[in-house]
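Quick one, what's the 3D model for this:
(2 chains)
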Amino acid sequence: MTRHGRKPDETTLTVWQVIELARHADRPYSMDYIKRLAPDFIELHGDRLSGDDPALVGGVGTWHGRTTLFLGHQKGRSLKERVARNWGMMHPEGYRKAIRLAHHAAKFGFPIVSLIDTPGAYPGAGAEERGIAAAIAEAIMEWFRIPVPIVAAVIGEGGSGGALGMGVADRVIMLENSIYSVASPEAAASIVWRDNARKVEAAEQLQLTSRDLLAMGVVEEVVTEPEGSASADYDAAAAVLDEALHRHLQPLLLQPADQLLQHRYERFRYIDSLVHAEPHFGPKV
Amino acid sequence: MSALAKAHHDVRIAGSKLPDVPLPTNCPGCGNALELDAMRKHNYVCPDCGHHFRLGADAWIALMADRGSWKERWGDVRSHDLLNWKVPKPYEEVVEQLLADGLNEAVRTGTCTLAGRPIWLAAFDFRFVGGTLSIVAGERLARGMEQAASSGTPYVLVSASGGARMQEGVLALMQLAKVNAALGRMHAAGVPYFSVLTDPTFGGTAASLALLGDVNIAEPGAAIGFTGPRVIKQATYADLPPGFQSAEFQLAHGQVDLVLPRTELRRLLAHLLELYP
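Residues are numbered from 1 along each chain as shown, chains lettered A, B, ... in the order given. A predicted model of the protein is given here:
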């Protein structure tokens, strides 16, 4: 593999190689996209309760002529920044900030763009003490009540409930070399085998690549990355992401709020409808 | 006798006779010898030290529902090996074995009465792949919540779960959103939702419906949290204090309203159903 990874090709890349691309240290992070999509972006901080979570950036900027709320997990580039941003792993304050800003966007009628790139919510004692489970639970429920269009993109790692807490949207798309999973391969191996060294086997079982998720009907689109993956050309990666997000947002802007919320409800209520279609799944209500 | 117990002394501690629950010879809490029938009559709570033994969904239904009132719904909805999961054990075989053992998925749901009042009841079963949230579990929960939202019937949940089911991949994760969408409808409709958290309640179940009750009731000593202690220690090398993530810890940290022994649970629910008509 070159410094930026090889040209992604599903016939030659193993699942583990896709995961390495998704986690690559040179991969563009949320702020790399946000400052290209909205050069006038202003970051807004804090949950108005107790703190600010640097693992999640939020703020407003002009995107295609419209004030838009951007939210995104932010991993750090240098070791110092990684520590400060906790490798993009959110604390409860992050989910509370996201919902605070979502209500802010709803007040002013701004659409919301959410960029997902996290190994998961922070698995630490402090997060537990401050109610990480309830913070994610409340965020997931609250997103269904935000009456403005929400488009989300998985740009790197979509890890577990920590990702889903930022992933309840009207459209969810994925960059080609990103992953979205019920648990990280390491955590899944630890749960199923009690041995996180079995991560490659777990990864192969989990079906967590962008194409797997498209096939399962969990995401609307896989966005093809530029030659050599997103890491090789930030401008080109931002351009394809911009185009796809904007294309998905357009029809949403025309929908009345009640219809938007009804469709968002149905999107997740029947997200496993490919399984429901199986004859053995049982009767519908 | 507390005021609550006095007002509801006619409410039995269990709706009907609880099924057999496999017990060790001696209580892990106090070491005293255990006798099955005495334990059954005490809702499988050690009379000496208050240790709560885990119950399956069958026992929870017997405990909660008035005798003869239980109507199970969607018991025929079956799980699928959609990821073709093979190692270390084929998922299909795991599920077939559990069904053969008489278990029916990680969540059973239905309607019943509790002290004469109609409720929706859903109970997790930790014996079924660790009580993990699966597509079937999520479907049963969401359908029940939607019906409770339209009928206005109070909803009672008993959780015991390790989180989302690995073997169903990202679609298991999506159940958090599916269930919380339905839960939001129930909240919007003003339907009372009482959540009983039992040992253990973790991961995606804690991060979706279990901690969003209008009243959260935890059993004494139950472990409740998002990330399990083993993973926290692995990830952060932290020394976790005794009692970390216990029901009492969650009470102190503002996550649950009450920590209540199982022998008083039914009286409390009967009283809550009166207070939230």
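
Quick one: residues contacting residue A:76.
Contacts for residue A:76 (CB atoms under 8 Å, 6 or more residues apart in numbering or on different chains) come out as A:82-85, A:87-88. To be clear about C-beta, it is placed using only N, CA and C from the backbone, and glycine gets the same treatment.

Now, those that are in helices?
Judged by DSSP state H, helices contain the following of these: A:82-85.

which SSE is the residue lying closest to residue B:82 once chain neighbours are set aside in?
Excluding the flanking residues, the one nearest residue B:82 by CB to CB, 6 or more residues apart in numbering or on different chains is residue A:275, at 5.8 Å. Using DSSP states H and E, residue A:275 sits within helix A:273-276.

average pLDDT across that helix?
Summarised as a single mean, pLDDT over helix A:273-276 is 76.

repeat for stretch A:86-94
Mean predicted lDDT for stretch A:86-94 stands at 97.

Ends of it, what's the gap?
End-to-end distance for stretch A:86-94: 12 Å, by CA to CA, to the nearest Å.

Over to stretch B:208-216?
Stretch B:208-216: ends 13 Å apart by CA to CA.

Stretch B:111-119 too?
6 Å.

Then stretch A:149-166?
14 Å.

Please apply the same query to stretch B:150-160.
Counting by CA to CA, the terminal residues of stretch B:150-160 are separated by 27 Å.

coming back round to it: just list what the helix holding residue A:275 packs against, helices and strands only.
Under the contact criterion of 3 or more CB pairs under 8 Å, 6 or more residues apart in numbering or on different chains; DSSP states H and E, helix A:273-276 touches no helix or strand at all.

all strands of chain B, in order?
Per DSSP state E, chain B carries strands over the ranges B:71-73, B:107-114, B:117-124, B:155-161, B:193-201, B:215-218, B:258-259.

Give me the contact list for the last one.
Where contact means CB under 8 Å, 6+ apart, the residues beyond strand B:258-259 that reach it are B:215-220, B:247-248, B:251, B:268.

could you give the mean pLDDT of it?
Rounded mean pLDDT across strand B:258-259 is 98.

now the contacts of strand B:258-259 as a markdown table including pLDDT and neighbour count?
Putting those into a markdown table (pLDDT from 0 to 100; neighbours: other CB atoms under 10 Å in any protein chain shown) gives the following:
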| residue | pLDDT | neighbour count |
| --- | --- | --- |
| B:215 | 98 | 17 |
| B:216 | 98 | 24 |
| B:217 | 98 | 23 |
| B:218 | 98 | 29 |
| B:219 | 98 | 23 |
| B:220 | 98 | 16 |
| B:247 | 98 | 27 |
| B:248 | 98 | 15 |
| B:251 | 98 | 16 |
| B:268 | 97 | 20 |
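
May I ask you to name the longest helix in the chain?
You didn't say which chain, so I picked chain A. Max-length helix for chain A by DSSP H is helix A:234-253.

right idea, wrong chain: chain B
Secondary structure of chain B per DSSP H: the longest helix is helix B:169-188.

So which other helices or strands are in contact with it?
helix A:132-143, helix A:160-164, strand A:179-181, helix A:210-216, helix A:257-269, helix B:135-151, strand B:193-201, helix B:203-205.

Buried residues, it. List them.
Buried residues in helix B:169-188, defined by neighbour count with 16 or more other CB atoms under 10 Å in any protein chain shown: B:169-187.

ok, the residue nearest to residue B:85 when sequence neighbours are not counted - contacts?
Using CB to CB, 6+ apart and skipping residues adjacent in sequence, the residue nearest residue B:85 is residue B:91, 3.9 Å away. Residues counted as contacts of residue B:91 (CB under 8 Å, 6+ apart) are B:81, B:83, B:85, B:167.

any chance you could map the strands in chain A?
For chain A, strands defined by DSSP E occupy the ranges A:42-43, A:56-63, A:66-73, A:112-118, A:150-159, A:171-175, A:179-181, A:221-223.

Compare the ones you listed and give me the one nearest residue B:191.
Among these, strand A:150-159 comes nearest to residue B:191, with 26.0 Å by CB to CB.

Check which strands are paired with that closest one and give the direction for each one.
Applying DSSP bridges, strand A:150-159 is found paired with strand A:112-118 (parallel), strand A:171-175 (parallel), strand A:179-181 (parallel).

tell me the angle of the first one relative to strand A:56-63?
I take that to be strand A:112-118. 140 degrees (axes from the mean of the first three to the mean of the last three CA atoms, to 10 degrees).

So which bits of strand A:112-118 are buried?
A:112-118.

Would you mind putting those into TSV with pLDDT and distance to residue B:39 alongside?
Output for the buried residues of strand A:112-118, formatted as TSV (pLDDT from 0 to 100; distance: CB to CB, whole Å):
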residue	pLDDT	distance to residue B:39
A:112	98	53
A:113	98	56
A:114	98	50
A:115	98	53
A:116	98	48
A:117	98	50
A:118	97	45
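
and residue 48, how many neighbours does it have?
I'll assume chain A. 13 (other CB atoms under 10 Å in any protein chain shown).

that's the wrong chain, I meant chain B
13.
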